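Trainee: quick one, structure for this:
(4 chains)
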Protein chains: 4
Amino acid sequence: MGEKHSDLVNKSKAAFLKWRALPAPERGNYIRLFGEALREQKKEVANQITSEAKKIISESEGEVQEVIDMCDFATGLSRQLYGLTMPSERPNHRLQEIWQPLGIVGCITAFNFPVAVFGWNFCLAAVCGNSIIWKPSPHSEGCAELTKKIWDSVAGEYKDLVLIKKGANDASVELAEDENIALLSATGSCAMGKAIAPLVSARLGRNLLELGGNNAAIICPTADLDLTIKGVTFSAAGTTGQRCTTLRRLFVHEDIYEEVIKKLIPSFESLKIGDPFDRNIQVGPLISEQSYEAMKKTLDDCSNKAKKIHGGQKLDIEGGIYVQPAIVEVDSHIDEMNDETFAPILFVMPFKKLTDAIKLQNSVKQGLSSSIFTNDFRESELFLGPEGSDCGIANVNIGTSGAEIGGAFGGEKDTGGGRESGSDAWKAYMRRITATLNHGIELPLAQGVEFDSES
Amino acid sequence: MGEKHSDLVNKSKAAFLKWRALPAPERGNYIRLFGEALREQKKEVANQITSEAKKIISESEGEVQEVIDMCDFATGLSRQLYGLTMPSERPNHRLQEIWQPLGIVGCITAFNFPVAVFGWNFCLAAVCGNSIIWKPSPHSEGCAELTKKIWDSVAGEYKDLVLIKKGANDASVELAEDENIALLSATGSCAMGKAIAPLVSARLGRNLLELGGNNAAIICPTADLDLTIKGVTFSAAGTTGQRCTTLRRLFVHEDIYEEVIKKLIPSFESLKIGDPFDRNIQVGPLISEQSYEAMKKTLDDCSNKAKKIHGGQKLDIEGGIYVQPAIVEVDSHIDEMNDETFAPILFVMPFKKLTDAIKLQNSVKQGLSSSIFTNDFRESELFLGPEGSDCGIANVNIGTSGAEIGGAFGGEKDTGGGRESGSDAWKAYMRRITATLNHGIELPLAQGVEFDSES
Amino acid sequence: MGEKHSDLVNKSKAAFLKWRALPAPERGNYIRLFGEALREQKKEVANQITSEAKKIISESEGEVQEVIDMCDFATGLSRQLYGLTMPSERPNHRLQEIWQPLGIVGCITAFNFPVAVFGWNFCLAAVCGNSIIWKPSPHSEGCAELTKKIWDSVAGEYKDLVLIKKGANDASVELAEDENIALLSATGSCAMGKAIAPLVSARLGRNLLELGGNNAAIICPTADLDLTIKGVTFSAAGTTGQRCTTLRRLFVHEDIYEEVIKKLIPSFESLKIGDPFDRNIQVGPLISEQSYEAMKKTLDDCSNKAKKIHGGQKLDIEGGIYVQPAIVEVDSHIDEMNDETFAPILFVMPFKKLTDAIKLQNSVKQGLSSSIFTNDFRESELFLGPEGSDCGIANVNIGTSGAEIGGAFGGEKDTGGGRESGSDAWKAYMRRITATLNHGIELPLAQGVEFDSES
Amino acid sequence: MGEKHSDLVNKSKAAFLKWRALPAPERGNYIRLFGEALREQKKEVANQITSEAKKIISESEGEVQEVIDMCDFATGLSRQLYGLTMPSERPNHRLQEIWQPLGIVGCITAFNFPVAVFGWNFCLAAVCGNSIIWKPSPHSEGCAELTKKIWDSVAGEYKDLVLIKKGANDASVELAEDENIALLSATGSCAMGKAIAPLVSARLGRNLLELGGNNAAIICPTADLDLTIKGVTFSAAGTTGQRCTTLRRLFVHEDIYEEVIKKLIPSFESLKIGDPFDRNIQVGPLISEQSYEAMKKTLDDCSNKAKKIHGGQKLDIEGGIYVQPAIVEVDSHIDEMNDETFAPILFVMPFKKLTDAIKLQNSVKQGLSSSIFTNDFRESELFLGPEGSDCGIANVNIGTSGAEIGGAFGGEKDTGGGRESGSDAWKAYMRRITATLNHGIELPLAQGVEFDSES
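Mentor: All right, here's what the predicted structure looks like:
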């Protein structure tokens, strides 16, 4: 069952050393070719995602598109990877900042984005000069294998740049403890992160953590409700509630609460649930029976506390665990809202003042994604300000899920603090050299320190 | 002894909330005033440093100057703290990146830079909108108190922005485990870092680690030897070998080995050792008897393996633990060179090929500072390249110690990976929001995903 | 009268060569000291400004503060001036971008900001390593002399870094035509810019132009009218309408037009007009009789076209040319609105659709400043978008005047395109080197070109 | 012959308005497709270049590759185009910098890079949201037509984004004078630039000028002569001396002067000159008889002043104007070295001190490209420093020609100051908005100015 860990690491290290020697724009060109190959096999990869992760086919295609977008972005980056030049305080001195490759990047991905999260990590890691060992979710190893096959088809002598390590938690622990893994990028639950991170820290390795979310949206009186209902429904029920950015908590201003509920319930009820390969379907099955059990438990637990529960029942559809996405109306922020149940349950609660809603939103341990629906400029700015959302993602008039690759993706607090994809996320995959060059014939010391044997 | 931890944290949190509400340029103005106050009391602070940390007075003054430089730099930064605006892939959408304050920053500092390391952290943390709880080394609590007094003199209602937590390791552990400490910035030994980091990681907090170095310099045939000997002597013996950037290992090209040794030994022997308050003195005492014991142990351990040991003996000078800085000539990279003995011992070893010297330099666990002395352009570029120094600092024709504040300061591998001071080090003290704004009346999804109830 | 031009230039060049040799952070330190000296003499400088430029004393103090802010900002910049390091497409190659000083900067300033505009230019020019020859407005040469005196008091051997060239247009032409002036930064009217710019271009010199504005604000139905009226009144009547960012055209949504007019007229009428040294006064005199004549002419010209004219009359106050700021209500965008009359005339016009108002705003030749007052998020985003304001400055819920130094200041179209003050405006004061370094033993060509005698 | 100018402009404006409405990443995708189409037709385009511009086929292929590289780079940029977010000095305020499209870009290109210079401009202009009117050299209109055909093949409804305007100087003047051309990017001679720039400036339009070079290289004693001779020969004789970056002046340290000459002459003499379609050929014909006449005139003029002239004669090869590249040995910097003769003449002169050689290098009016060949670190740093090369391009151990697209390309002084291609060159193709947003209920003024009717 899989290669011996040390052999894998040795192969990856060898691949790294060879790859590092390539000029970055040449590395970028391989990533460009990878993108082209993915464009050609988009359908095949999307089918594999839908097979394993049970996502509807349009989302699976979007996921492949996300990797393709990353390839384009990373190709451009391969001529950037900008460090700085800067002046020195000393005559005939000059400062520079130069970024260099790190080594082997370990990459732990979850079942729900079986390809995209790898793409975020690999495209950046690769143009930055690193090799990668990928531990996919046991649910979606086929996606990993297909993706690797596509890489291999363009990689020439650099096939080993991507190596797959199969396994469950034990495999993750192996990566976490191995000093050869310069950076461990791990996507999964907060519990997984809390278990893994100290192992990496204990050896002073680098973590890049994308852990659970417990995302909220706030609907204000001026919100465009058509757009809002659409955004809320997609964020809460899309991907069957199994995104880290899935909307789980909804705060609605009391003045429009009834109206929102009146529109939201039919929106949920009219969702087309069924075979994810069917293009008319919006919601596919849960990934596993356990997922349904967790969902059921949460709904049961809050049955007394909730004002009303809509949906949530198992559906009699063949070929998977299908559920009706649930809306749980509550009057206050109940305990069950503090944890992320990886299933389509949306808690809905009224609020009086926006500052209160923001406080509730921020009251949970996780800090991944958040949204406000408003057409009020002051409200949107408050939400983006220092006393606004404490999440890594804060959207205005968009749901909590569905990020573009150009921004940095990730969250705060128990979400783990890592950032992937756009902006300067690439810096996590490199090491920084601060170089001071003295081209003079004197040796003045910084800060005017004197150290002279004549003095 | 000292305030109760929870009281301290509550006071710090209250200070944070008030301070965060100030516009960043106003925060910058307080830091400017702090710099002005330090300018006025530079002598007093320098004296306190020399009293406690036993550094020579010129170095103590340089240390205060470093904080002053940081204040100037941070004042400018207070109008920058740049996030990004960027285009969206969707019509009527726009992306932004906004940086917000974090909360309470814990700051653990070591005896050898009792003020500067605080300055690096505080100046950035403060303009970024955070409060700070400072745990100084038990050796230099007087410096912390004096510095706080100076802050208080300019801080008006923001005195609690800086709070001091006294104590030894237990105090550090308390900070590491406390969820209220958003960022723990810790300077000290690798052992300390390995103990602290997992505690912070276990609660998914942020670390900024500046741990031990085991710094090397390489002298190439074309080096300007006058400048080189001066740089090596200062880096190895300055601050009595008690900087994290102290030069500990010296690789000399075999063709000039004899010449270098012939110049280096008298350079060490002519060092003026004694009362650090005396402006003619270059080397003060060790911080403690234990330091001397560690030095002695290392020298004893390698006595059989070394080709020759010069100096290293205790000196009969009153008022402190004085030693003659040691030069240990070796033929190969012996075990004692793998660890950082926090005392003035310089291992010197010849090399044939530059690539071999670089490999030896990189062979240790730590990765803080490194130097090459050469006038050969290819050698300097090799040293700064992907196969060159693996340290966070890589200097050309400068010793390993004495960084300017404009660059990012810190190191790789067991040095902990943190970056302080210049460049974009301020980002560690803030949280990043990626905001996507939809100002249209449609809700297109990223990556072209379709999720439409009509479809 | 004044030094011979060539002598001035020679002195400036000598100063440049000496100053350029200073490390940038040392240059920054001189600018810091300049800021400190200005802080001490803020009152004196403000008085001089009010004497010559007739601005109210609070604005004059604000103007000095602006230079002080620039000093702080530039001090920080002196350790940045960031170029880039980047990877090469060729093995053993590396790219760098390095910024170097330019030489002599010519600086033409106008009467209305007799100190601040110099400050913007000088602080950046100086930390970037340049000298400056300053041609102030003939109206405010006393301000220039006082400012130079303060510079001299901190400049030590670098006094000649700032030299003053007195004169009118002929002096500007001399600077424009002189090949020794590497960059000519000119603030004034569009006519001046159109005369000067071709002279500089003809010798392929660099221009940095801050020319006239013809600034508009748009008031939308959701605007907070208290704040809006305050902002409009200050922008239109403050500085007696003599800022390049003065509000000259106001577009008000028809639904609130009457209400706005009803509030705006008393706001204008209650303005305290009189001696600018009196702290109760809000509006001082015009700079000259000609200014009044231009104002009168504009008002006369539009007397038939306007729906109604409020104010505009000369006031019987001693010691200057005092006028009552005018409001001219119009139904359509009349010819008189296309030109900038440098006096307090505010044209007010109703609009139906925001897109129409934006089109009118953009219909003039100038493109400096613009504002929208709204609490509607979609409107503010539209205003900031590609089809929104075409000005260099676009504010939301702030008047058109009163920029902070942290942003880049300047405008598009006939405003000249230059940018001063914050962001990366400093780049205009330096020259950029793109350096490719080959440290290998081969000479591969870019883009894979082959040029080999063996082939 | 060609469309009426105003029709062209109207079509371009219409194309701009439609294109601007596309999200930037979608614009990037069109550019990516353009790159893919160029990849497929690389051979065809290269052949056309060689036909018209007479460049050897490998250089023509390199030129197409350069456009392809630009497409990849610009695709990545389309998700960047970064403005800044920054803190305000006022409570409840926030600053942003946003970049918006400009409008129509005029693009004048020269015969010698009939495709690449267009590619630099178009790829950036297009992802930035602009349309382009391209005036190619009359020598290479076929290249323009073919390139446009390829654009059209991928452009769908955006074909008019690229329009071609044929003609000679009169066409350039028409573009320069037309207010609809927001930016005029012009590549050509200094004389052309001096004629065009004032026309654009007179209407306060934007120039981006890439004018003539008069490039020098310096060979120092430590230079690797094999590499150096190769680099010098390619830079001086490649493209038959008809690049703006062609090496025209060579300064050789006197200690190696004889050795360099001894190697350089045979290197020139062994150049394979002939049919540029022949892959064994290194040097093709001159573009025209006039070029040869200019070359002859320069050689004649300096025949008395030169120590020795090698080569320079017309060759008896059919199908073009072929010349033997000339080496002119001189003892001092003669007048003929001050002007750029667009033909393969290399002046060679000995020097004693590097600072003298740099002074001579910088003594000409042009400031495009420069090189130093040295293995001495101090020399290379001196060359890159403030007192080093005053050119926009400064290479170490590479010739003056053959830049990569990742860096900013362009030069200083009479070269015109423009920058194209990499780094932040894209900013020239956009307009910058500095936006201050007030989301509070107060209206504080910047710099603490008071303007209150109550006061």
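Trainee: what residues are up against A:L368?
Mentor: Residues near A:L368 by C-beta atoms under 8 Å, 6 or more residues apart in numbering or on different chains: A:212-215, A:244-245, A:391-393, A:400, A:410-412, A:415. Every C-beta, even on glycine, is put in place using the N, C-alpha and C of the backbone.
Trainee: so for it, what's the pLDDT?
Mentor: If you check A:L368, the pLDDT there is 98.
Trainee: equivalent analysis for A:E454, please.
Mentor: pLDDT, A:E454: 48.
Trainee: and chain A, which residues reach chain C?
Mentor: With C-beta under 8 Å from any C-beta of the partner chain as the criterion, chain A comes near chain C at residues A:21-26, A:78-91, A:93, A:96-99, A:374-380, A:396-397.
Trainee: among these, which ones are buried?
Mentor: Buried members of those, scored by 16 or more other C-beta atoms under 10 Å in any protein chain shown, are A:22-26, A:78-90, A:93, A:96-99, A:374-380, A:396-397.
Trainee: leaving out the residues flanking it, which one is nearest to the residue of chain A found nearest chain D?
Mentor: Here chain A gets closest to chain D at one residue, A:G76, 1.3 Å apart by C-beta to the nearest C-beta. Spatial nearest neighbour of A:G76, chain neighbours left out: D:G76 (1.3 Å); criterion: C-beta to C-beta, 6 or more residues apart in numbering or on different chains.
Trainee: for stretch A:299-314, buried residues please.
Mentor: Quick answer for stretch A:299-314 (16+ other C-beta under 10 Å): A:299, A:302, A:306, A:309-312.
Trainee: ok, the nearest residue to A:R206 once chain neighbours are set aside - contacts?
Mentor: Nearest residue to A:R206 in three dimensions, chain neighbours excluded: A:L183, at 4.4 Å (C-beta to C-beta, 6+ apart). Residues in contact with A:L183, defined by C-beta under 8 Å, 6+ apart, are A:102-103, A:105-106, A:125, A:130, A:205-208, A:428-429.
Trainee: among those, which are in strands?
Mentor: Using DSSP state E, A:105-106, A:206-208 are the members of the contacts of A:L183 that sit in strands.
Trainee: ok, those vs chain C, which is closest?
Mentor: Nearest to chain C, judged by C-beta to the nearest C-beta, of those is A:V105 at 18.2 Å.
Trainee: touching, that closest one and A:G129? I think so.
Mentor: No: between A:V105 and A:G129 there is no contact under C-beta atoms under 8 Å: 10.3 Å.
Trainee: more neighbours: these two, which one.
Mentor: Neighbours per residue (other C-beta atoms under 10 Å in any protein chain shown) separate A:V105 from A:G129, with A:V105 holding more: 29 against 25.
Trainee: what residues are bridge-paired with the more buried one?
Mentor: Assessed by DSSP bridges, A:V105 has beta-bridge partners A:I132, A:L183.
Trainee: contacting residues around it?
Mentor: Listed by C-beta under 8 Å, 6+ apart, the contact set of A:V105 reads A:121, A:125, A:130-133, A:181-185, A:429.
Trainee: recalculate using a threshold of 10 Å.
Mentor: Contacts here follow C-beta atoms under 10 Å, 6 or more residues apart in numbering or on different chains; on that basis A:V105 touches A:12, A:16, A:121-122, A:124-126, A:128, A:130-134, A:175, A:181-185, A:206, A:208, A:428-429.
Trainee: host element of whichever residue of the stretch 201-350 of chain A sits closest to chain B?
Mentor: Closest contact between the stretch 201-350 of chain A and chain B, by C-beta to the nearest C-beta, is at A:S201 (3.8 Å). Here A:S201 sits within helix A:190-202, counting by DSSP states H and E.
Trainee: over to A:E259?
Mentor: Using DSSP H and E, A:E259 maps to helix A:257-269.
Trainee: then A:F234?
Mentor: Per DSSP H and E: A:F234 is located in helix A:225-237.
Trainee: quick one on the thing from earlier: touching, the residue of the stretch 201-350 of chain A closest to chain B and B:P198? I think so.
Mentor: Yes: contact criterion C-beta atoms under 10 Å: A:S201 and B:P198 qualify, at 4.6 Å.
Trainee: more neighbours, these two?
Mentor: Each of A:S201 and B:P198 has its neighbours counted (other C-beta under 10 Å); A:S201 has more, 24 against 19.
Trainee: which residues touch A:D224?
Mentor: Residues in contact with A:D224 (C-beta under 10 Å, 6+ apart) are A:230-231, A:373-375, A:397, B:438, B:440-441, B:443, C:378.
Trainee: phi first, then psi, for it.
Mentor: Here is the backbone geometry of A:D224 (degrees, to the nearest 10): phi -80, psi 100.
Trainee: quick one: it from A:E259, how far?
Mentor: Distance, A:D224 to A:E259, using C-beta to C-beta, to the nearest Å: 13 Å.
Trainee: related to what we said a few turns ago, mean confidence for the helix holding A:E259?
Mentor: Per-residue pLDDT over helix A:257-269 has a mean of 98.
Trainee: that one: which residues count as buried?
Mentor: Of all the residues in helix A:257-269, those buried under the rule 16+ other C-beta under 10 Å are A:257, A:260-261, A:263-265, A:267-268.
Trainee: check which helix or strand A:I49 maps to.
Mentor: In this structure, A:I49 sits in helix A:42-53 according to DSSP H and E.
Trainee: for chain B, give me its nearest residue in the stretch 1-150 of chain A.
Mentor: Across the stretch 1-150 of chain A, the shortest distance to chain B (C-beta to the nearest C-beta) belongs to A:G62, at 3.7 Å.
Trainee: report the contact partners of that residue.
Mentor: Here A:G62 is in contact with A:46, A:49, A:55-56, A:69, A:116, A:402, B:445-451 (C-beta under 10 Å, 6+ apart).
Trainee: doesn't A:R94 fall inside a strand?
Mentor: Yes: the assignment for A:R94 is a strand, going by DSSP: H, G, I helix; E, B strand; the rest coil.
Trainee: quick one: it from A:K43, how far?
Mentor: For A:R94, the distance to A:K43 equals 53 Å [C-beta to C-beta].
Trainee: and these two? Which one has more around it.
Mentor: A:R94 (21 against 12).
Trainee: give me the spatial nearest neighbour of the more buried one, chain neighbours excluded.
Mentor: The nearest residue in space to A:R94 (C-beta to C-beta, 6+ apart) is A:L437, at 4.9 Å.
Trainee: report the contact partners of the one you found.
Mentor: For A:L437, the contact set (C-beta under 10 Å, 6+ apart) comprises A:88, A:92-96, B:380, B:384, B:394-398, D:377-378, D:380-381, D:384.
Trainee: tell me which element it falls in.
Mentor: strand A:430-438.
Trainee: give me the domain ranges for chain A.
Mentor: Following the assignment in automatic domain parsing, chain A carries domains at A:5-211+A:416-435, A:215-396.
Trainee: tell me the pLDDT of A:Q447.
Mentor: You'll see A:Q447 listed with a pLDDT of 86.
Trainee: hmm, it is touching B:I405, no?
Mentor: Yes: between A:Q447 and B:I405 there is a contact under C-beta under 10 Å: 8.2 Å.
Trainee: between the two, what contacts are shared?
Mentor: A:89, B:65-69, B:116.
Trainee: list just the nearest of the residues you listed to A:P350.
Mentor: Checking the shared contacts of A:Q447 and B:I405 against A:P350 with C-beta to C-beta, the nearest one is B:V67 at 51.1 Å.
Trainee: how about the contacts made by the closest one?
Mentor: Per C-beta under 10 Å, 6+ apart, neighbours of B:V67: A:447, B:34-35, B:38, B:42, B:45, B:113, B:115-120, B:122-123, B:147, B:150, B:405.
Trainee: so of the residues you listed, which ones are in helices?
Mentor: Those of the contacts of B:V67 mapping onto helices are B:34-35, B:38, B:42, B:45, B:116-120, B:122-123, B:147, B:150, per DSSP state H.
Trainee: sweet, I'm off.
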